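[1] only the shape, not the letters, is given here:
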């Protein structure tokens, strides 16, 4: 079994507030992980695709390194 860390991102505040984009991403990742391992943590970010500064992604990657986990992400723009 593999340990996973989830990272979810949408580009706009509207997508983030609606939760629809985030919920679809969460469902896709949860479905992928099912039977393969466990989700250690989830990180969510609402950031434009044009920005390079992604604090939640940095935190997710740090946890992956610390726990030797696999990052599973989806991005909706």
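    Nice, I can see it. If you're wondering where the values come from, they're calculated on a predicted model, not measured in any experiment.

[2] which residues of the protein score low on pLDDT?
    When residues are selected by pLDDT under 70, those of the chain lie in 12-20, 75-77.

[3] cutoff 80 now
    11-21, 47-52, 73-77 (pLDDT under 80).

[4] for it, what spans make up the helices?
    13-18, 20-33, 55-67 (DSSP state H).

[5] looks like residue 22 contacts residue 7 (just checking).
    No - with contact defined as C-beta atoms under 8 Å, residue 22 and residue 7 do not form a contacting pair (11.2 Å). From N, CA and C alone the C-beta is placed, and that goes for glycine too.

[6] more neighbours, the two?
    Taking neighbours as other C-beta atoms under 10 Å, residue 22 and residue 7 compare with residue 7 leading, 24 against 21.

[7] chain neighbours aside, what residue packs nearest to the more buried one?
    residue 73 (4.0 Å; C-beta to C-beta, 6 or more residues apart in numbering).

[8] what about the one you found, how many residues nearby?
    14.

[9] doesn't residue 5 make contact with residue 67?
    Yes - using C-beta under 8 Å, residue 67 is in contact with residue 5, at 7.5 Å.

[10] need the overlap of contacts for the two.
    With contacts defined as C-beta atoms under 8 Å, 6 or more residues apart in numbering, the residues shared by residue 67 and residue 5 are residue 40.

[11] of those two, who's got more company?
    residue 5 (24 against 13).

[12] which ones are touching the more buried one?
    Shown in contact with residue 5 (C-beta under 8 Å, 6+ apart): 39-43, 60, 63-64, 67, 69-72.

[13] for it, list each beta-bridge partner.
    When bridges are called by DSSP bridges, residue 5 pairs up with residue 41, residue 71.

[14] and the gap between it and residue 56?
    11 Å (C-beta to C-beta, to the nearest Å).

[15] overlap of the contact sets of the two?
    Common neighbours of residue 5 and residue 56 (C-beta under 8 Å, 6+ apart) are residue 43.

[16] no further queries at this time; thank you.
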